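K.L.:
Following is a predicted model, sequence given first.
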Amino acid sequence: MTQTSATAAAPAPTATVAAVQEDIVRLRLADPERGRLVKNEVVYILPARVPGRRLKGEVLRVRGDTADAQVFESTVGIGLGDPVEQTGRLLSIRLGPGLLGQVYDGLQNPLEGLAAGHGLFLPRGVEVAGLDPAAKWAFAATRRVGDRVKAGDVLGLVPEGPIKHKIMVPFDLDEMVTVDWIRDGSMTVAEPLARLKADSGAERIVTMQQEWPVREPLPRRLLARGFSTRLYPDEPMVTTQRIVDTFFPVAQGGAACIPGPFGAGKTVLLNLIARHSDVDVVILVACGERAGEVVETITEFPQLVDPRTGNALMDRTVIVCNTSSMPVASREASIYTGITIGEYYRQMGLRVLMIADSSSRWAQAMREISGRLEEIPGEEAFPAYLDSAIKGVYERAGLLATNDGARGALTIIGAVSPAGGNFEEPVTQSTLAAVKCFLGLSYDRAYKRFYPAIDPLQSWSRYRQQLEGWYAERMGAGWNRQVDELAALLRRGDEIARMEQVAGEEGISTDDFVTAEAARFVDMVFLQQDAFDPVDASSPPERQKELFGLVHSIATRPYAFEDKEAVRRHFTKLAGLFRNYNYAPGGSGEAKRLLEDIGKLDSSAPVS
């Protein structure tokens with residue numbers, strides 16, 4: 001990676017520092033008659049005490065000829081009267097070939113490039129290009145001179161890892177243009193590959209890279225002009241986790257949240273979903289997590305094998321990380337960086353999964369910034385606009401028909417870390433109002449080693465009815481009805497188990513005991529999966545369908561056992577056989593033998 005010049009084409013200072021409070025700096029225009037301040041504009045502060053440094057910041061609030069800006073680094077050394085450069089650009093990132101496989105900070109600085117150029121202890125004021133300016137990419141044009149194109153249309157293709165990267169007409173163009181010239185060949189992201197000419201005579205040179213402001217949805221203009229179309233999600237994002245895919249599915253282009261206390265297995269579950277889901281690109285945003293967890297993520301992911309291609313999982317992954325020890329302002333920007341990258345790949349017609357871990361730390365960053373701006377606080381001192389900010393994030397998920405008719409999906413899953421596992425706190429409640437799938441992790445289930453520790457009695461998904469047609473076609477006409485029956489069985493089993501804790505086993509009838517054991521059986525053999533077993537860690541839809549049919553038939557059958565000991569003995573043996581079956585490779589001799597044993601044991605049970 002090449003370091004961008006800190007002084008190249010630097011604009012003349014147009015403002016000065018009027019006040020400093022932690023990482024919030026108040027700016028004042030040097031000449032209000034000739035300039036103006038814009039919200040979300042990028043500025044650079046030049047501390048007089050540290051010559052040669054340019055500290056990056058973003059304008060948060062404008063009041064006449066003054067503005068409050070958050071600085072993305074330590075403000076030590078900034079003094080009153082220090083000059084400030086305005087860039088005239090909103091906080092943006094570069095989009096183009098070379099994003100996949102990268103590990104960025106919240107401002108799209110590649111961490112490997114920073115370390116290579118400056119070591120592990122980084123000086124302030126350092127920036128590195130988000131896309132390698134020296135790397136060459138093979139561009140194959142799909143348009144010809146004279147073609148009429150519009151914003152978002154595909155000009156050509158570039159191979160990038162496992163995908164065909166589409167080079168598109170810049171998204172900010174407002175009119176139809178004509179391809180004046182275009183070329184094939186190997187070139188860097190900054191080399192001209194085409195020239196577009198408007199009817200007015202204005203020309204624009206196109207390269208492989210383009211910038212986009214992270215706080216503005218990338219397809220907004222394309223949707224407003226009808227170039228792209230938002231679609232209704234009609235198929236699930238298959239995670240291969242049985243409890244998710246069967247009971248609480250997430251739609252392709254949907255939004256879900258996974259709240260849970262510390263120690264409930266949230267990180268392992270998110271890694272399983274990232275690894276095994278049927279998506280083309282995975283974006284992990286480690287937002288405010290502990291440095292140890294982030295280091296574990298960025299060291300483990302390059303070593304994981306992609307089950308779809310057999311190559312490294314990192315080949316189709318982008319990691320954006322800002323640990324809790326990094327600047328708060330950069331942490332707040334990191335989620336928007338990840339979403340914008342996801343929207344870019346969605347516009348190519350790809351299925352993208354973005355996982356934010358954790359949105360609670362992101363909300364805490366907003367709370368800190370809001371407090372420093374002295375805004376009126378809401379519940380638990382979070383900003384009053386917390387609801388709208390969270391909804392603004394999840395609303396950027398969705399399924400689109402792109403300009404060329406391809407279907408692209410951006411699915412967003414946000415992990416929430418409520419203090420003490422309290423789901424009533426503001427961040428969790430605001431998130432629940434913004435998503436259509438809630439996968440609540442339970443500390444009690446994690447304590448019992450029931451993994452994934454998703455509580456089947458608290459969790460819900462509004463996508464299951466929405467996706468009924470897909471399930472009816474692929475899993476069977478009565479699929480949703482059968483799932484409802486097992487969900488009701490789990491609820492009834494929990495009620496009986498609570499009664500049993502109070503009255504003892506003697507205080508419940510044999511029929512109720514059968515119901516409780518059947519519910520426990522469903523929990524043990526279907527809802528639980530071993531994340532570290534090579535077979536059970538991932539259960540494809542075909543295997544889920546087969547297993548679900550067996551489990552449903554056994555759990556909902558009317559039995560006529562004579563005593564409770566016989567009930568316990570029967571379901572204990574069944575559960576043991578099913579657990580062994582879950583560990584057996586599909587179609588293997590062992591799996592067939594276990595199915596025969598299950599059939600024999602099942603047929604021996606007395607039925608009423």
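P.N.:
Nice, I can see it. Residues are numbered from 1 along each chain as shown.
K.L.:
how about the worst-scoring helix or strand of the chain on mean pLDDT: buried residues?
P.N.:
Among the helices and strands of the chain, helix 291-300 carries the lowest confidence by mean pLDDT, DSSP states H and E, at a mean of 72. Within helix 291-300, the residues scored as buried using 16 or more other C-beta atoms under 10 Å are 294, 297-298. Every C-beta, even on glycine, is put in place using the N, C-alpha and C of the backbone.
K.L.:
now the residues you listed as JSON lines including distance to T207?
P.N.:
Output for the buried residues of helix 291-300, formatted as JSON lines (distance: C-beta to C-beta, whole Å):
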{"residue": "V294", "distance to T207": "32"}
{"residue": "T297", "distance to T207": "32"}
{"residue": "I298", "distance to T207": "29"}
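K.L.:
Out of these, flag the one nearest to S459.
P.N.:
T297 (24.6 Å; C-beta to C-beta).
K.L.:
Check the gap between that closest one and I205 for me.
P.N.:
Note on T297: its distance to I205, by C-beta to C-beta, to the nearest Å, is 39 Å.
K.L.:
just E505 next, same as before
P.N.:
E505 is 79 Å from I205, by C-beta to C-beta.
K.L.:
repeat for T240
P.N.:
T240 is 45 Å from I205, by C-beta to C-beta.
K.L.:
try L574
P.N.:
Per C-beta to C-beta, L574 is found 69 Å from I205.
K.L.:
And T14, by the same measure?
P.N.:
28 Å.
K.L.:
neighbour-wise, which of those two wins?
P.N.:
Higher neighbour count among T14 and I205: T14, with 19 against 12, using other C-beta atoms under 10 Å.
K.L.:
doesn't E33 make contact with the more buried one?
P.N.:
No. The pair T14 / E33 is not scored as a contact, 11.7 Å apart, by C-beta atoms under 8 Å.
K.L.:
re earlier: would you mind identifying the next helix or strand past the least confident helix or strand of the chain?
P.N.:
For helix 291-300, the following helix or strand on the C-terminal side (DSSP states H and E) is strand 317-322.
K.L.:
Spell out which strands sit alongside that following strand in the sheet and which way each one runs.
P.N.:
Here strand 317-322 has these sheet partners by DSSP bridges: strand 103-104 (parallel), strand 281-287 (parallel).
K.L.:
Strand 281-287 and the helix or strand that it is followed by, what's the angle between them?
P.N.:
Remark: after strand 317-322, the chain's next helix or strand is helix 328-346, criterion DSSP H and E. Interaxial angle, helix 328-346 versus strand 281-287 (axes from the mean of the first three to the mean of the last three C-alpha atoms, to 10 degrees): 170 degrees.
K.L.:
Using CSV, write out the CA atom coordinates for helix 328-346.
P.N.:
In CSV, the C-alpha atoms belonging to helix 328-346 read as follows (Å, rounded to 0.1, in the frame of the first residue of the first chain):
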residue,chain,number,x,y,z
VAL,A,328,-14.8,6.9,19.6
ALA,A,329,-15.5,9.0,16.5
SER,A,330,-13.9,6.5,14.2
ARG,A,331,-16.0,3.7,15.9
GLU,A,332,-19.1,5.6,15.1
ALA,A,333,-18.2,5.9,11.4
SER,A,334,-17.2,2.2,11.0
ILE,A,335,-20.7,0.9,10.6
TYR,A,336,-21.5,3.3,7.8
THR,A,337,-18.2,2.3,6.1
GLY,A,338,-19.2,-1.4,6.2
ILE,A,339,-22.7,-0.7,4.9
THR,A,340,-21.5,1.4,2.0
ILE,A,341,-19.1,-1.4,0.9
GLY,A,342,-22.1,-3.8,1.2
GLU,A,343,-24.3,-1.6,-0.9
TYR,A,344,-21.6,-1.3,-3.6
TYR,A,345,-21.4,-5.1,-4.0
ARG,A,346,-25.2,-5.4,-3.8
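K.L.:
The next helix or strand along the chain from that helix pairs with which strands, and in what direction?
P.N.:
Once helix 328-346 ends, the next helix or strand along the chain (criterion: DSSP H and E) is strand 351-357. Within its sheet, strand 351-357 is paired with strand 281-287 (parallel), strand 407-416 (parallel), according to DSSP bridges.
K.L.:
lowest-confidence stretch among those strands?
P.N.:
Across the strands paired with strand 351-357, strand 281-287 has the smallest mean pLDDT, namely a mean of 93.
K.L.:
What lies in contact with that one?
P.N.:
100, 106, 163, 274, 293-294, 297, 301, 313, 316-323, 331, 334-335, 337-338, 341-342, 345, 350-359, 361-362, 365 (C-beta atoms under 8 Å, 6 or more residues apart in numbering).
K.L.:
how much space between A251 and A397?
P.N.:
Separation of A251 from A397 (C-beta to C-beta): 9 Å.
K.L.:
got any ranges where the stretch 151-300 of the chain has weak pLDDT?
P.N.:
Applying pLDDT under 70 to the stretch 151-300 of the chain flags residues 288-292.
K.L.:
Run through the strands of it in chain order.
P.N.:
154-160, 163-168, 177-182, 185-187, 194-198, 203-206, 210-213, 229-231, 255-259, 281-287 (DSSP state E, counting those that start in this stretch).
K.L.:
thinking again about what came up before, export the strands paired with strand 351-357 as CSV, with columns for distance to V50.
P.N.:
Listed next are those as CSV, based on distance: least, C-beta to C-beta, whole Å:
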stretch, distance to V50
strand 281-287, 29
strand 407-416, 38
